[in-house]
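Participant: no sequence for this one, just the structure:
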């Protein structure tokens, strides 16, 4: 079972996020969906990475749907768009002097959380840093989003970063 952490303003500013035993996180996994909406997420993950001299792994899921199932796969972005998004995030981390790598994963949308968790396990992530989706007036039932499924099933700590903080 995962620990869910919502960092405070002082934690965000200092990057002082450590394990219960006081050691720093060394392998930080960050799933991104777009650079614009993920900039604060990456900024926080980079501060955690820098504080512990860790390594950053950026993951982008290129999700597909079947509409209708007999018509084959439908992607909301091209392979080139997915790769460009990932490259931009990794290059920004490199410019800041961080050790960073990235991977684009293809998955059927309902399996996206499982694929992120699989990458975290395979890579040996110490922590997963996620964006906490903003609350909306009309919202799907609680726990149906990718972030919620990752939080519920993660075997390592999960940090939630709220946009706009």
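Facilitator: Good, I have the coordinates. Predicted model only: the values in this text are computed from it and were never measured.
Participant: From now on I want contacts and neighbour counts done on CA atoms only, so please keep to that.
Facilitator: Noted.
Participant: Tell me the strands beside the strand or helix carrying residue 57, with direction?
Facilitator: Assessed by DSSP states H and E, residue 57 sits inside strand 55-66. Strand pairing for strand 55-66, using DSSP bridges, gives strand 27-31 (parallel), strand 73-75 (antiparallel), strand 99-108 (parallel).
Participant: Which stretch among these is buried most, on average?
Facilitator: strand 27-31 (a mean of 26; mean count of other Cα atoms under 10 Å).
Participant: Show me what stretch 110-126 is in contact with.
Facilitator: With contacts defined as Cα atoms under 8 Å, 6 or more residues apart in numbering, stretch 110-126 is touched by 25-29, 31, 59, 61, 63, 105, 107, 128, 146-147, 149-150, 153-154, 156-157.
Participant: For the residue positioned nearest the centre of the chain, name its beta-bridge partners.
Facilitator: In the chain, the centroid-proximal residue (Cα atoms, centre = their mean) is residue 31; its distance is 2.2 Å. Here residue 31 sits in beta bridges with residue 59, as judged by DSSP bridges.
Participant: wait, it sits on residue 56?
Facilitator: No - using Cα atoms under 8 Å, residue 31 is not in contact with residue 56; the gap is 10.7 Å.
Participant: how about residue 87, secondary structure?
Facilitator: When classified by DSSP: H, G, I helix; E, B strand; the rest coil, residue 87 comes out as helix.
Participant: Spit out the contact partners of the spatially closest residue to it that is not a sequence neighbour.
Facilitator: Using Cα to Cα, 6 or more residues apart in numbering and skipping residues adjacent in sequence, the residue nearest residue 87 is residue 102, 7.6 Å away. Counting by Cα under 8 Å, 6+ apart, residue 102 makes contact with 57-60, 86-87, 90.
Participant: and the end-to-end length of stretch 116-132?
Facilitator: This stretch, stretch 116-132, spans 16 Å end to end (Cα to Cα, to the nearest Å).
Participant: I meant stretch 89-108, not that one.
Facilitator: End to end - Cα to Cα - stretch 89-108 spans 23 Å.
Participant: tell me the mean pLDDT over that stretch?
Facilitator: Averaged across stretch 89-108, the pLDDT comes to 92.
Participant: just how off-centre is it within its chain?
Facilitator: 11 Å (Cα atoms, centre = their mean, to the nearest Å).
Participant: relative to strand 99-108, how tilted is the helix or strand where residue 114 lies?
Facilitator: Per DSSP H and E, residue 114 falls inside helix 112-123. Orientation check (axes from the mean of the first three to the mean of the last three Cα atoms, to 10 degrees): helix 112-123 against strand 99-108 gives 140 degrees.
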